[in-house]
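Peer 1: With the input below, show me the fold.
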Amino acid sequence: MRGAWCSAATWLGGLLLAGSATAQRADCDAAEPWRVLRPSAPVDAQAHWLDRRRLRWPGTSVAVAPGDRFRLHHARHGGLVVEAGAAVRGGDRPVPLVPSVEPLPAALAERFRFVAPGVDLALPATAQARLPELLRGELLLVHEDARGRVKRATALQVAGALDDRYAAAGSVRDLGAMPRAGGTAFALWAPTARRVSVCLHDTPDGPSRRWLPLRRDEATGVWRGTDAGQRPTTTRRTVPTGPAYTYLVDVFVRGTGWVRQRVTDPYSLALTADSHRSVAVDLEAPALQPEGWTATRAPASVAAPTDLVVYELHVRDFSWHDASVGPRHRGRYGAFTEPGTDGMRHLAALARAGVTDLHLLPVFDIASIPERDCATPTVPPGPPDGTAQQAAVAATRAVDCFNWGYDPLHYTVPEGSYATEAADPAARIREFRAMVVALHRTGLRVGMDVVYNHTPASGQHRHSVLDRIVPGYYHRLDASGRVERSSCCDNTATEHRMMGKLMLDSVLAWARHYRIDSFRFDLMGHQPRALMVELKRRLKAETGRDIPLIGEGWNFGEVADGARFVQASQLSLNGTGIASFSDRGRDALRGGGHADTGAALVDAKGWVHGPQADAAAQARQADGVRVGLAGTLRGYRMIDATGQLRPLEALRYGGQQPAGFASQPSEVVNYAENHDNHTLFDLNALRLPADTPGEDRARVQTLAAAVVAFSQGIAYFHAGQDMLRSKSGDRNSYDSGDHFNRLDWTATDNGYGAGLPPAEDNGRDWPLWRERLADVRLKPAPADIAWARDAFRDLLRIRASTPLFRLRSADDVTARLRFVNTGPTQVPTVVAGHLDGSGLPGAGFQALVYLVNADTVAQTVGDASLAGRPWQLHPVHRAADAADRRARQAQADTASGRFTVPPRTAVVFVVE
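Peer 2: Numbers count the residues shown, from 1 in each chain. As a prediction, the model looks like this:
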């Protein structure tokens, strides 16, 4: 428990030197982005400061003896010395605490329900005026005996106190930097800092020319100042930027000491290359508007969330291997502005067929991609099961140009590696907007994958921004005060007022300034439901648009089962109109689970893989497919494999969870493949018999797409899924370079057999992949890839042809959808549904029946209630250019109401 200590004279001299204008100017250009002014020893933070008055020290392992006392010991600039059995030294005037016997207010008890019972304490009224001072320096809660000797000590987690004392900061509208007529105004929330100043640079890479001290607002904890030294210009040709800048923040960091941080702005709207400095910019400036920005609007293709058909794509994947794209634009935003390329022709065809939204994997400022001088490895040719390819990729992965980008460094700035001029802070803004204009003109709305649940780092790391400004606030901490990492990285605490505000302000900025049409939230279940609901409300209020929000509502980690708050997770989003991805239908189609390895990769077959030895198990799997087709609606009732009529919430998924979790179809996202985990083609390479013909592999892939297209809710597809995309067995290609993430828009090569997948995530399964990758029978021919592409587009046309596949309410789904071929006597390889179009505006058909046959032979199913009607194939199937000629072999017996479907075929019959 010993804190760092030095003589008062030595330390005071160092502090005065560090505080001089000369020293601070020098720190603006120092090699290291921080300087420890006075060190401190590590100490856990087990106690919680709940609000401005109440504290709790969880646990009852140490008894409180008569005469014992609890005091807050504070040192303005650090230097506390704490030793068991001795009095605390080196601090300012300590604050005695009083026992608190009153129960916590309901809202406070709810917020801190994860904090175990323990000693409840209160700050006396006489000391409450010292709260801002106490929060700005080293602070320890100490349990002392009657003589003032230390029995135990802990640091505090202070987010509750900061949120209460500085609640007014939640209403501040001008955080960040803004060039104005009178100069550039700066505002930074740093309530625990002792001093904040701004280093100002006239050029992105040049030395500092000015240094501006900021003044603290006591009500909000916001530091402000205006630099009048550079008046921004506003001509059409000149980008109206203020200076490049960084902040100097003098703040105490638990376990490190008193530190001067040189740090970029968490509210940055522009950056220099590699995010070294923030740049003040007015995003409304005409010079940042590309041609068509003011005139082009998003396509009016989505009247309700269930109209969404999403195609998920990585910016670099889109064009890096597309030889029809100009070299300057390959791998960059600009590739989307070249309309005649193979990639853009592909996207245009998808838009015409029925895709509404192109969702881009992360395009905010990414920590892991060098924006200047990134490496492009030379991957040697090799056998389809070779190891040299992945070795070449691994050798440069830390410095190459590729990453999925789920490591946000600055939330509200476009990624610079996708711009043609990373060194020009304005280029990434203009080129991102030009991409949006081009996609809107192509008929596609633009969606964005956002990651507010974690940052790439915390503490004194070069990629730590938030935690170096307000240490210990922006991240979720465990019982000892360590940052939680269940997300993969350093979890943010969006339940804290100002982290939640940062998320809201950032999303609103993307919607307002970049015209993003929909958002996908990574690990949305790690965020409070209330925050997502507030975001949805504010987007509508401030943009005038209904902007769909979808996300990963997975329930895990330290927030699981509502441990800290009501999550934005699958089981908690009912009634919000916010959609969660459904693993129910996904796992039924693919088989197994996302973490399968070893034998399970082969044996855990899905429904699309055809007949299985255990017919009863396959019937249960078929029920899982029907759950997805019915929009995963809690209250929808169907006859299950046992013959019981049950609501979907009564069916089990994974043994414990309800299969049905959504209240409305707008609250579910249906998919069979996305960027995570194995592509469906790669999984099929293991789960289908090795001698399965290439044509049938393409058909199996198409069956999964058909189920998603026919499902109620939002349809979601992975780029390349329509062309049998393979990552050569890579289960996690987030950092596997361009080689394993290749897309070929010419439909010539799907990527299979590009070598064994990278060893780091896949090495344990190399024995399986060696055999399959070396088997030339599994490599699809160009004709099979082209067929899958065209069949996929036909499925999109069928979904787009009628709102019966896009019903907007649970009541409509209940009234109009009825499954055929259910119960214990079902043919388990066939799912079939009847949709009633009577009275539905724009339905286009009086009724339709869809049938998906995963069997290797033709099957006949039906229902007497469907007899006597003039069923015929859907017009898309009847068209001369229909891709799937086998579908035309399907037959409807109008006398009996029974339908015969060819093997591995999806077909729709209609009554016009």
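
Peer 1: quick one: the helices in the stretch 101-250 of the chain?
Peer 2: Ranges of helices in the stretch 101-250 of the chain, per DSSP state H, counting those that start in this stretch, are 106-111, 131-134, 159-165.

Peer 1: what's next to the second one, contact-wise?
Peer 2: It refers to helix 131-134. The contact list for helix 131-134 (Cβ atoms under 8 Å, 6 or more residues apart in numbering) reads 52, 72, 74, 76, 95, 123, 161, 165, 191, 218, 221. Just so you know, the C-beta spots here come from the backbone N, C-alpha and C atoms, and that holds for glycine as well.

Peer 1: Tell me which of the helices of the stretch 101-250 of the chain sits most buried.
Peer 2: Ranked by mean neighbour count, the helices of the stretch 101-250 of the chain are led by helix 159-165 with a mean of 23 (mean count of other Cβ atoms under 10 Å).

Peer 1: max-length strand in the protein?
Peer 2: For the chain, the strand with the greatest residue count under DSSP state E is strand 241-253.

Peer 1: Distance from the chain centre to the next helix or strand after that one, please.
Peer 2: Scanning forward in sequence from strand 241-253 by DSSP states H and E, the next helix or strand is strand 257-263. Strand 257-263 sits 30 Å away from the centroid of its parent chain (Cα atoms, centre = their mean, to the nearest Å).

Peer 1: Pull out the C-alpha coordinates of stretch 510-524 and format them as PDB.
Peer 2: The C-alpha trace of stretch 510-524 is given here as PDB (Å, rounded to 0.1, in the frame of the first residue of the first chain):
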ATOM      1  CA  TRP A 510     -22.400  10.600 -38.800                       C
ATOM      2  CA  ALA A 511     -26.100  10.800 -39.600                       C
ATOM      3  CA  ARG A 512     -26.100  14.600 -40.000                       C
ATOM      4  CA  HIS A 513     -22.700  15.300 -41.600                       C
ATOM      5  CA  TYR A 514     -22.200  12.100 -43.600                       C
ATOM      6  CA  ARG A 515     -25.800  11.100 -44.300                       C
ATOM      7  CA  ILE A 516     -25.500   7.600 -43.000                       C
ATOM      8  CA  ASP A 517     -28.800   5.900 -43.500                       C
ATOM      9  CA  SER A 518     -28.600   3.000 -41.000                       C
ATOM     10  CA  PHE A 519     -26.300   1.800 -38.200                       C
ATOM     11  CA  ARG A 520     -25.100  -1.600 -37.100                       C
ATOM     12  CA  PHE A 521     -23.800  -1.800 -33.500                       C
ATOM     13  CA  ASP A 522     -21.000  -4.100 -32.700                       C
ATOM     14  CA  LEU A 523     -21.700  -6.000 -29.400                       C
ATOM     15  CA  MET A 524     -24.800  -3.800 -28.800                       C
END
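
Peer 1: which residues of the stretch 701-850 of the chain fall in strands?
Peer 2: Taking DSSP state E, counting those that start in this stretch, the strands of the stretch 701-850 of the chain run over residues 714-718, 817-820, 830-836, 847-853.

Peer 1: picking that back up, confidence-wise, which of the contacts of helix 131-134 comes last?
Peer 2: Of all the contacts of helix 131-134, residue 76 carries the smallest pLDDT score, 90.

Peer 1: Okay, it and residue 258: tell me how far apart.
Peer 2: Residue 76 is 9 Å from residue 258, where distance means Cβ to Cβ, to the nearest Å.

Peer 1: Next: residue 211.
Peer 2: Separation of residue 211 from residue 258 (Cβ to Cβ): 20 Å.

Peer 1: And for residue 94?
Peer 2: When distance is defined by Cβ to Cβ, residue 94 is 19 Å away from residue 258.

Peer 1: neighbour-wise, which of those two wins?
Peer 2: residue 258 (27 against 17; other Cβ atoms under 10 Å).

Peer 1: which residues pair with that one across the strands?
Peer 2: Beta bridges link residue 258 to residue 38, residue 252, judged by DSSP bridges.

Peer 1: which helix of the protein spans the most residues?
Peer 2: helix 782-800 (DSSP state H).

Peer 1: Residues in contact with it: which ones?
Peer 2: Contacts of helix 782-800 (Cβ under 8 Å, 6+ apart): 309, 349-350, 353-355, 694-695, 697-698, 701-702, 705-706, 709-710, 715, 717, 721-724, 747-750, 805-806, 874, 876-877, 882-884, 906, 908.

Peer 1: roughly how far apart are residue 800 and residue 863?
Peer 2: With distances taken as Cβ to Cβ, residue 800 is found 27 Å from residue 863.

Peer 1: tell me the mean pLDDT for the helix or strand harbouring residue 508?
Peer 2: According to DSSP H and E, residue 508 maps onto helix 497-513. For helix 497-513, mean pLDDT rounds to 98.

Peer 1: and it, what other elements does it pack with?
Peer 2: Counting contacts by 3 or more Cβ pairs under 8 Å, 6 or more residues apart in numbering; DSSP states H and E, helix 497-513 packs against helix 159-165, strand 408-414, strand 445-450, strand 518-521, helix 529-543.

Peer 1: Check which helices and strands the fourth one sits against.
Peer 2: Right, strand 518-521. So strand 518-521, by 3+ Cβ pairs under 8 Å, 6+ apart, packs with strand 309-313, strand 357-360, strand 445-450, helix 497-513, strand 549-551.

Peer 1: From the chain's centroid, how far away is it?
Peer 2: On the basis of Cα atoms, centre = their mean, strand 518-521 sits 8 Å off its chain's mean C-alpha point.

Peer 1: partners of it in the sheet?
Peer 2: Going by DSSP bridges, the partners of strand 518-521 are strand 445-450 (parallel), strand 549-551 (parallel).

Peer 1: So which of those strands is nearest residue 515?
Peer 2: Nearest to residue 515, of all the strands paired with strand 518-521, is strand 445-450, at 7.2 Å by Cβ to Cβ.

Peer 1: who's in contact with the closest one?
Peer 2: Contacts of strand 445-450 (Cβ under 8 Å, 6+ apart): 298-299, 301-302, 310, 312, 356-364, 411, 435-436, 439-440, 506-507, 510, 515-522.

Peer 1: got the CA positions of that strand in CSV?
Peer 2: Extracted in CSV, the C-alpha atoms of strand 445-450 (Å, rounded to 0.1, in the frame of the first residue of the first chain):
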residue,chain,number,x,y,z
ARG,A,445,-28.5,3.6,-49.0
VAL,A,446,-25.3,3.6,-46.8
GLY,A,447,-25.1,1.8,-43.5
MET,A,448,-22.2,1.9,-41.0
ASP,A,449,-20.8,-0.6,-38.6
VAL,A,450,-20.1,1.3,-35.3
